[in-house]
Structure formats: structure tokens, C-alpha cells
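Trainee: test case, fold it:
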Amino acid sequence: MKALVWHGKQDIRCDRVSDPEIEDPRDAIIRVTSCAICGSDLHLFHNFIPAMLPGDIMGHEAMGEVVEVGSAAKSKLRTGDRIVVPFTIICGECDQCKRGNFSVCERTNRRKDLAEKVFGHTTAGLFGYTHLTGGYPGGQAEYLRVPFADATHIKVPDNLTDEQVLFLSDIFPTGWQAAAQCDIEPTDTVAIWGCGPVGQMAIRSAILLGAKQVVAIDCVPERLSMAEAGGAIPINFEEESVVGRLNDLTGGKGPEKCIDAVGLEAHVTPSLPDTLLDRAKQAMLMENDRPHVLREMIYVCRPAGIISIPGVYSGLVDKIPMGMAMNKGLTFRMGQTHVNRWTDDLLRRIEEGQIDPSFVITHTVGLEEGPEMYKVFRDKQDSCVKVVLKP
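Mentor: Numbering: from 1, shown residues only. Prediction:
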């Protein structure tokens, strides 16, 4: 089969690889009908995330048709079922899964020993990601083996298109969780840094959850226009002061809720000296990530507010003002998404027409064009916000 394969830093290729096979009775195999490139894939593209190996298949946003089912999964799946595959692989039976904490499933990381050394305790296995999370082959391919498939799937109805439901795999529940863990009240201002795909979903989720006003912060005009079309107040941080504008919008009190939909690759610009320092430290291997957004959120957030972090961080960050956060009494909530905790509700909202997640798609191409689209997506060329691949 064809698949997008990691060969090293900024080197993704469309290769011929072996077709997946049933390896465990709980497995299923799907023929991938749609998959997507995620901002988290760019972290792998730039080799910011450790423990990738040449030959690893990329991708963690995929859906398709079930073509083979293991004997233990037949009670939940059958050939011909149309499913979305959550990026978090879950057993559905461990203590964490029973609590709905699916992204920290205790059983699905097949490199549990490595994860425990790095994280202290294991987290869930993830598709198409680092070997710290199991090193499972990803979904940017013609076929995908789904481990623990009886639990790791979302059945979708035939009356909804792939484009409407594909993002139940990651960015829609990720944006929703980012907003949900803010405990939004009708009087709240929610400020969201980053208007990429997750930020766009967080904007619409915060509005659906009843925020008084939502503010979107970015520097890419197309992303800001999309955010404004979704009901947000845009701030271009290259043209105006984020702190000043947020104070103006909140009567000088700051937003109650702040969402970091940027993560480790905050934009580097001369007008923000700390971003230059972070980039220099990265180059000298003195720091993993560029946490400008975290610093700015801590500074601007209203005392007793909530900071929600769906953005991915890979390791050590520097110059985080914990004294400021402690004295302001801020609450931090973060983590990979507990996808299956949210998907029944989100699928219902799609079916009822409350939201159509396909709005975020700007490019649809064949799998062979994937390597080039990684660069287009990274460089935000051709007004690119979200790329869907059709194997």
C-alpha cells in the first residue's frame, strides 16, 4: 500500500509499504477513505518530538471502511462499517478509561517501559506519533490497523460526509475539550491564542458553550478572517498589543479564560524579544520549546482565571513565571484529548446542524501530494488552514 513515511527532519515521502494485518483478536483493518495533516504532525516534521524512527508511518486523523475484523472485536464491529478512528488508542477497561481519561489509558502504549522512564507513568498509545506513545503506524495511508478496535472507534452514519465527521478523530474534540475545561460562564471572555485548525474549533466550541465574547489571536490574515467569520473578535499580534487590546475588551480586568492552541512552536518575531531568546536556546539545545504564549497568558489572564492548554509541548520550557501564576491563583488544565469522552455529544451536534466541522478545510488532495502539502501547510501558502488527503 501507499503511505506517508517519516525519513528524518523535514523528510516525508510517499512510499510503498506492507499492508497491515490482524495481529490481535481485538484488531480491525480499515480502508482509509479520508485522512488529514495536523499541526501536531508538523512537530514531527521538524523533529521537535523525540523518539521518531525512519520508516514510521505518519498521521493520526483518519476514517474509513472496516474491511477485516478480529475475532474479539466482532461484537462491536463488522465488515462494511464506516468509522472514524480517534487518535488516542483506548482499551476501554483500565481504571483511567473507566473514568473517561482516555488519553492516559494504562494499557495501549506498547512502549510502556519507555514512556514510564520519560513521563514517570505511561500514557495512551497514539497513532502515527512518537515511540514514546507506542510507535503505532499512522493513518496517512491506504489501510490502517486499528488496535483495540472494539473500543477505539466512532461509528458514523452514512448520511454525513467524510468531511463533516473526519475531525471527530482529533481537532474537533480537542478544541471542544479546550473550551469545556475552561468551565465557561455566560459572563466570560475567552481568549484563544492560535487560529489554526484546533484554535478554530476551540473558538466555535467556546461560542456554543455560551461565552460572552471570544477573542482570537494570530498573525495570519486568512486564519483571523476564518475566526471572525466564526464569531470571534480578531487580534493580529503583529499589528497591535495583545495585552492592551484584551484589557480594552475586558474593562482592564483581563479575560477569565485563556486557551493556548499554539503549543511548542510559538511564532518568532523581533517585536517579541522572548521569542528570539527561545529560538536561540533551541538552536543551542538549551530549551525544547518556545513558550511565549504561556508567558503571555499568565500575564494577561484575570486573577482566579483558568488557563487551558491543548497545544502540544515536547519537553523543557524556560522562564515560565510561576510566581505570577501562583499569586494570581490561576488554574491550569492541559493534556492530550480524551476523544471518546466527547464524541457522542459532538456527533449529535453535527447531525443537528449546530456545527459543520468541514468549514476548516482549505485543501483536498491525493495521498501522493502529501509530502508537498506538509510544506504548504507549514508555510501557510495558498491560504492553507487544513489539508485533507484522499488515499
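Trainee: how about residues contacting the helix or strand of the chain with the lowest mean pLDDT?
Mentor: Using mean pLDDT, DSSP states H and E, helix 273-283 stands out as the lowest-scoring helix or strand of the chain, at a mean of 91. Contact with helix 273-283 is made by 266-270, 287-292, 295, 318-319, as judged by C-beta atoms under 8 Å, 6 or more residues apart in numbering. Backbone N, C-alpha and C define where each C-beta goes, glycine included.
Trainee: spit out the contact partners of residue 7.
Mentor: Shown in contact with residue 7 (C-beta under 8 Å, 6+ apart): 13, 54-55.
Trainee: with residue 350 instead?
Mentor: 160, 164-165, 168, 356-357.
Trainee: help me confirm that residue 13 is found in a strand?
Mentor: Yes. Using DSSP: H, G, I helix; E, B strand; the rest coil, the assignment for residue 13 is a strand.
Trainee: neighbour count, pLDDT and distance to residue 101 for the contacts of residue 7 - can I get that in TSV?
Mentor: What follows is the contacts of residue 7, written out as TSV (neighbours: other C-beta atoms under 10 Å; pLDDT from 0 to 100; distance: C-beta to C-beta, whole Å):
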residue	neighbour count	pLDDT	distance to residue 101
13	12	98	36
54	9	97	33
55	11	97	31
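Trainee: now these in a markdown table, with distance to residue 238?
Mentor: Formatted as a markdown table, those follow (distance: C-beta to C-beta, whole Å):
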| residue | distance to residue 238 |
| --- | --- |
| 13 | 34 |
| 54 | 37 |
| 55 | 39 |
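Trainee: what is the nearest of these to residue 86?
Mentor: Distance to residue 86 across the contacts of residue 7 (C-beta to C-beta) is lowest for residue 55, with 24.0 Å.
Trainee: which residue packs closest to that closest one, ignoring adjacent ones?
Mentor: residue 5 (6.2 Å; C-beta to C-beta, 6 or more residues apart in numbering).
Trainee: state the distance from that neighbour to residue 49.
Mentor: According to C-beta to C-beta, to the nearest Å, residue 5 and residue 49 sit 16 Å apart.
Trainee: mind checking which residue lies nearest the centre of the chain?
Mentor: Nearest residue to the geometric centre of the chain (C-alpha atoms, centre = their mean): residue 171, 5.0 Å.
Trainee: I'd guessed residue 116 sits against residue 122; true?
Mentor: Yes. Taking C-beta atoms under 8 Å as the definition, residue 116 is a contact partner of residue 122 at 5.5 Å.
Trainee: neighbour count winner among these two?
Mentor: residue 122 (24 against 13; other C-beta atoms under 10 Å).
Trainee: now do the contacts for the residue nearest to the centre of the chain.
Mentor: Applying C-beta under 8 Å, 6+ apart to residue 171 gives the contacts 38, 61, 197-198, 201, 357, 360, 386.
Trainee: ditto for residue 6
Mentor: Residues in contact with residue 6 (C-beta under 8 Å, 6+ apart) are 12, 44, 52-58.
Trainee: now the residue nearest to the centre of the chain. Nearest residue, chain neighbours left out?
Mentor: Excluding the flanking residues, the one nearest residue 171 by C-beta to C-beta, 6+ apart is residue 197, at 4.7 Å.
Trainee: where is the longest strand in this structure?
Mentor: In the chain, assigned by DSSP state E, the strand with the most residues is strand 28-37.
Trainee: follow-up on the earlier one: buried ones among the contacts of residue 350?
Mentor: Among the contacts of residue 350, those classed as buried by neighbour count (16 or more other C-beta atoms under 10 Å) are 160, 164-165, 168, 357.
Trainee: switch these over to CSV; also include pLDDT, secondary structure and distance to residue 259.
Mentor: Below are the buried ones among the contacts of residue 350 laid out as CSV (pLDDT from 0 to 100; DSSP: H, G, I helix; E, B strand; the rest coil; distance: C-beta to C-beta, whole Å):
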residue, pLDDT, secondary structure, distance to residue 259
160, 98, coil, 27
164, 98, helix, 24
165, 98, helix, 24
168, 98, helix, 20
357, 98, helix, 18
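Trainee: so can I have JSON lines of those residues showing distance to residue 372?
Mentor: JSON lines is the format used below for those (distance: C-beta to C-beta, whole Å):
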{"residue": "160", "distance to residue 372": "29"}
{"residue": "164", "distance to residue 372": "26"}
{"residue": "165", "distance to residue 372": "26"}
{"residue": "168", "distance to residue 372": "27"}
{"residue": "357", "distance to residue 372": "24"}
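Trainee: buried ones in the longest strand of the chain?
Mentor: Quick answer for strand 28-37 (16+ other C-beta under 10 Å): 28-30, 32, 34-37.
Trainee: from those, which is closest to residue 75?
Mentor: The closest of those to residue 75 turns out to be residue 28 (C-beta to C-beta; 12.0 Å).
Trainee: so the closest one touches residue 65, yeah?
Mentor: No. With contact defined as C-beta under 8 Å, residue 28 and residue 65 do not form a contacting pair (10.5 Å).
Trainee: residues in contact with residue 4?
Mentor: Contact partners of residue 4, counting by C-beta under 8 Å, 6+ apart, are 12-15, 57-59, 138, 140-141, 367, 370-371, 389.
Trainee: most surrounded residue in these?
Mentor: Within those, most neighbours by other C-beta under 10 Å means residue 140, with 31 neighbours.
Trainee: which residue ranges form the helices in the stretch 51-200 of the chain?
Mentor: Along the stretch 51-200 of the chain, counting by DSSP state H, counting those that start in this stretch, helices occupy 95-98, 112-119, 162-165, 171-180, 197-208.
Trainee: how about CSV for the ones you listed, with distance to residue 134 added?
Mentor: Formatted as CSV, those follow (distance: least, C-beta to C-beta, whole Å):
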stretch, distance to residue 134
helix 95-98, 15
helix 112-119, 8
helix 162-165, 25
helix 171-180, 19
helix 197-208, 22
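Trainee: I am finished for the moment; much appreciated.
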